[in-house]
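**Q** Okay, structure incoming, though there's no sequence with it:
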């Protein structure tokens, strides 16, 4: 899966909960911090990204809803051919 596809899939899932700007900026910031910058992203990198985003979502949505959103993102990525 390309990095761009993974970012788009995650942002699409998070947008209804925290808005497009926050979803996009948080995802891109965590990608930079995790060194996710190439054309492709590994399943391990996707899991690390989801872990970081989930931690941030806890603040805005609470633990239960955050876990639900991260699970939804995993499903979207799997459907797109990413994290398995």
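**A** That came through, no problem. Keep in mind that this is a model prediction, so the values were computed, not measured.
**Q** longest helix anywhere in this protein?
**A** helix 43-61 (DSSP state H).
**Q** Residue 18: how many residues sit nearby?
**A** Neighbour count of residue 18, defined by other CB atoms under 10 Å: 19. Placement of C-beta: from N, CA and C, glycine included.
**Q** Does anything pack onto the longest helix of the chain? Which helices or strands?
**A** Helices and strands touching helix 43-61, by 3 or more CB pairs under 8 Å, 6 or more residues apart in numbering; DSSP states H and E, are helix 3-18, helix 20-34, helix 63-79.
**Q** and the angle from that helix to helix 20-34?
**A** 140 degrees (axes from the mean of the first three to the mean of the last three CA atoms, to 10 degrees).
**Q** Give me the buried positions along helix 43-61.
**A** By neighbour count on 16 or more other CB atoms under 10 Å, the buried set for helix 43-61 is 45-46, 48-50, 52-54, 56-57, 61.
**Q** what's the answer for stretch 18-30, then?
**A** Buried residues in stretch 18-30 (16+ other CB under 10 Å): 18, 23-24, 26-27, 30.
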